[in-house]
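Participant: Just a sequence and a predicted model for now, questions to come.
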Amino acid sequence: MAVVEAPPQTPVPKKTKEVDTRKQGALATKLLTPTMAVLLLVIGYPILAAIYQSLFSQGQGVDADGFVVQGDTFVGVDNYAAIFSGDAGARFWNAFYNTTFFTVVCVVIEVVLGMAMALIMNKAFKGKGLIRASILVPWAIPTVVSALLWKWIFDANGVANSILGQQILWATDGFQAKLAVIIADTWKTAPFIALLVLAGLQVIPAEVYEAAKIDGANAWRQFWSMTLPLVKPALLVAVLFRLLDNLRMFDLPFVLIGAQKPSVETISILAFLENTNSRYGPAAAYAFVLFLYVVLVSYAFVKLLGADVIGDNRAKTPKPAGRRRGLRTVAKGDQP
Amino acid sequence: MSSSTIDTTKGTTGGTPATEVEVVQAKKPYGMWAAYVGIALIIIYCLAPFYWMLVTSLRQPSDTFSIAPIPAPVSFQNFIDVFDAKNNFAIALFNSVVVAGVVTVLTLLIGTIAAYALARLDFRFKNAALGIIIACSMFPGIAMVIPLFKLFTDIGWINTYQALILPAMSFALPLAVWNLTAFFRQMPAELEEAAMIDGCTQGQAFRKVIIPIAAPGVFTTAIIVFVAAWNEYIIALTMTNKASIRTATVAVTFFTGTTGRDIPTGTIMAAGMILTIPLIIMVLIFQRRIVSGLTAGGVKS
């Protein structure tokens, strides 16, 4: 982060350009300092503190001489090692599995639903305002409120069971609890994906499709070879953000199903509960593992799929046709 | 990337025979009918759960478990019960307004200038700076909350506004900078150039020319940031343990019934409506801008 504040010192060939850039660099430093300072405080510090905290254990222990030790004890990587053994390990891997399961399933459903919605909305000639307003309703409802709302819908005597004619105990535990979380999550976020995809679709002129139809491309072919590649840049960014949002999932399972429910316990919930029980060391270790997981997923996504997160390419002037889009990455600045 | 592809494909449209276009259009009514059914389904999908919250909140408390689609009789008792002293909901709403409001104002004050630098100035490490800010928006909240909880406990910040406001900047600031950078990029560069030819410095050009023109973008970002801050849960849950400092999203999960064991569903649904309605009203008024704001980072329009 410190590098940003340093004034630019590269020798630029043209003299005037150099002076100009240097001047702008000084101004940019001034303008960026407050933002970077805040981020350093609320993200830079916590991540270092989490690493430090994860090396300690709390509460009572017995030291080598048999004396009872209270307070923080340095335990090195013990909190991380505990992930690989015993009950704590089993609980962590369950949370890890749940986090991954929710992320993959929810994002796949959201993308498919969101794409379908966007394709339908793109065909709409009337009532665009109404559609847009209703699409924004799930987005605007606070996650906690939507969790409480779905908890009520999935109540044993709730409307979901009445409609289905079943007596499913959704909110207790087990697979149905997972299902409830997935339904609630996709309801809230599929419309958001739809909005992003729709914005991508609307920059495609209708003539492109008419030309394709004339050339004999059927609807599926049009979607697969034209629509999808054209909305891909927007979709990749949306998917990445959804992935990362779901990896840190907390509010929804915590409020909809509750604490201490193994079937929906995510890494965030596990770390939160450990923190609440004053087991700060393991809590910090779990949080840091989640952080590494998020970094890994974003890195893979940006590197392998070339998600243009910075959006620099799109801001530039159109490139000559046929030129392959460079892999614009934020990889270097990934770790705050 | 997309625009270049469009241009190449456009070229092939040039010599389209008129007759074939008519064939294409003749198939439209069937497609339109299907589209209308699809649109109706989307609207039902989005609004049905929300409608259920509205209906439940408007029933008499004794009718909560009714599954009639329209409340009969309509009762506002749940909305009165929400403000029962034991729920501390009024103070929680006030806290939410303070926290979300301060977060929004602070974020925009420092985020706007940062976004301007990122969108308009030419300097080294620009992409690295933008990359860091975006990476911050991907940061999992729990990895920040746990160490900050310990820090705030040590310095006596638990149950204070600053303990709710400062951590919220971690997601609000990257969101604002990202949105605003996209807005600033869309504005023609000639604006400042003209101002600077007229004798303004770059700073003056920013204050006197850019800010007034960017006002809609800044305003849209303010709404998006406010919604995010208003919805915040994990920070407010961790950093408070007193009812008097909780924000509304946390308070609503602490509602208790009259006999302790029963869940006051009607009251909770009414509280949910109160928490949601201001946002829905904003969405209805500014929907066009919000949509362009939400998609600004993803698509260049």
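Facilitator: Done, it's in. Numbers count the residues shown, from 1 in each chain, chains lettered A, B, ... in the order given.
Participant: Counting residues, what is the longest helix that chain A contains?
Facilitator: In chain A, taking DSSP state H as the definition, the longest helix is helix A:86-123.
Participant: counting contacts, what elements does it pack onto?
Facilitator: helix A:128-140, helix A:175-201, helix A:228-247, helix A:267-276, helix A:280-305, helix B:28-57 (3 or more Cβ pairs under 8 Å, 6 or more residues apart in numbering or on different chains; DSSP states H and E). C-beta here means a position set from N, CA and C on the backbone, and glycine is covered the same way.
Participant: Quick one: those as JSON lines, columns for mean neighbour count, distance to residue B:164 and mean pLDDT too.
Facilitator: Output for these, formatted as JSON lines (neighbours: other Cβ atoms under 10 Å in any protein chain shown; distance: least, Cβ to Cβ, whole Å; pLDDT from 0 to 100):
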{"stretch": "helix A:128-140", "mean neighbour count": "20", "distance to residue B:164": "21", "mean pLDDT": "85"}
{"stretch": "helix A:175-201", "mean neighbour count": "23", "distance to residue B:164": "23", "mean pLDDT": "89"}
{"stretch": "helix A:228-247", "mean neighbour count": "21", "distance to residue B:164": "21", "mean pLDDT": "85"}
{"stretch": "helix A:267-276", "mean neighbour count": "24", "distance to residue B:164": "16", "mean pLDDT": "93"}
{"stretch": "helix A:280-305", "mean neighbour count": "21", "distance to residue B:164": "19", "mean pLDDT": "90"}
{"stretch": "helix B:28-57", "mean neighbour count": "16", "distance to residue B:164": "26", "mean pLDDT": "85"}
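Participant: Which strand or helix spans the residue of the stretch 101-250 of chain B found nearest chain A?
Facilitator: Chain A sits closest to residue B:131 of the stretch 101-250 of chain B, with a gap of 2.7 Å, by Cβ to the nearest Cβ. Assigned by DSSP states H and E, residue B:131 belongs to helix B:126-137.
Participant: after that helix, next one along is what?
Facilitator: helix B:141-154.
Participant: what comes up buried for that following helix?
Facilitator: Of all the residues in helix B:141-154, those buried under the rule 16 or more other Cβ atoms under 10 Å in any protein chain shown are B:141-150, B:152.
Participant: for the residues you listed, which one is nearest residue A:159?
Facilitator: Distances from these to residue A:159 were compared by Cβ to Cβ; the smallest belongs to residue B:141, at 31.6 Å.
Participant: Quick one: residues contacting that closest one.
Facilitator: By Cβ atoms under 8 Å, 6 or more residues apart in numbering or on different chains, residue B:141 lies in contact with A:248, A:250, A:268, B:170-171, B:234-235.
Participant: One more: residue B:203?
Facilitator: Residue B:203 touches residue A:27, counting by Cβ under 8 Å, 6+ apart.
Participant: Quick check: which element contains it?
Facilitator: If you go by DSSP H and E, residue B:203 is part of helix B:202-205.
Participant: tell me the average confidence for that helix?
Facilitator: Per-residue pLDDT over helix B:202-205 has a mean of 76.
Participant: need the next SSE after it, C-terminal direction.
Facilitator: helix B:211-230.
Participant: Next, the angle from that following helix to helix A:128-140.
Facilitator: Helix B:211-230 and helix A:128-140 are oriented at 50 degrees to each other (axes from the mean of the first three to the mean of the last three Cα atoms, to 10 degrees).
Participant: hmm, who's touching helix B:211-230?
Facilitator: By Cβ under 8 Å, 6+ apart, helix B:211-230 touches A:140, A:142, B:96, B:99-101, B:103-104, B:107-108, B:111-112, B:168, B:171-172, B:175-176, B:179-180, B:183-184, B:187, B:191, B:249, B:275, B:279, B:282, B:286, B:289-290, B:292-294.
Participant: Stretch A:245-256 now?
Facilitator: A:99, A:102-103, A:106-107, A:143-144, A:146-148, A:150-151, A:154, A:171, A:180-181, A:184-185, A:189, A:261, A:264-269, A:272, A:290, A:293-294, A:297, B:140-142, B:233-234, B:253.
Participant: quick one: terminal-to-terminal distance for it?
Facilitator: 17 Å (Cα to Cα, to the nearest Å).
Participant: quick one: the helix or strand containing residue A:150 near chain B?
Facilitator: Secondary structure assignment for residue A:150, by DSSP H and E: helix A:143-153. Yes: using Cβ under 8 Å from any Cβ of the partner chain, helix A:143-153 comes into contact with chain B via A:143-146, A:148-150, A:152-153.
Participant: could the residues you listed be laid out in TSV, adding neighbour count?
Facilitator: Shown next, in TSV, are those (neighbours: other Cβ atoms under 10 Å in any protein chain shown):
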residue	neighbour count
A:143	22
A:144	28
A:145	28
A:146	25
A:148	25
A:149	24
A:150	28
A:152	25
A:153	24
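Participant: is it possible to export these to JSON lines including pLDDT?
Facilitator: Shown next, in JSON lines, are those (pLDDT from 0 to 100):
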{"residue": "A:143", "pLDDT": "93"}
{"residue": "A:144", "pLDDT": "95"}
{"residue": "A:145", "pLDDT": "95"}
{"residue": "A:146", "pLDDT": "95"}
{"residue": "A:148", "pLDDT": "94"}
{"residue": "A:149", "pLDDT": "94"}
{"residue": "A:150", "pLDDT": "93"}
{"residue": "A:152", "pLDDT": "91"}
{"residue": "A:153", "pLDDT": "91"}
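Participant: Among those, which one lies nearest to residue A:128?
Facilitator: Distances from residue A:128 to the residues of helix A:143-153 next to chain B, taken by Cβ to Cβ, are shortest for residue A:146, at 24.7 Å.
Participant: Not counting residues beside it along the chain, what's closest to the closest one?
Facilitator: Closest residue to residue A:146 apart from its sequence neighbours, by Cβ to Cβ, 6 or more residues apart in numbering or on different chains: residue A:188 at 5.4 Å.
Participant: for the one you found, what are its contacts?
Facilitator: Counting by Cβ under 8 Å, 6+ apart, residue A:188 has contacts A:138-139, A:141, A:143, A:146.
Participant: Just give me the residue right at the centre of chain A.
Facilitator: residue A:244 (1.9 Å; Cα atoms, centre = their mean).
Participant: returning to that earlier point: mind checking which of the contacts of helix B:211-230 land in helices?
Facilitator: Using DSSP H, the contacts of helix B:211-230 in helices are A:140, B:96, B:99-101, B:103-104, B:107-108, B:111-112, B:168, B:171-172, B:175-176, B:179-180, B:183-184, B:191, B:249, B:275, B:279, B:282, B:286, B:289-290, B:292-294.
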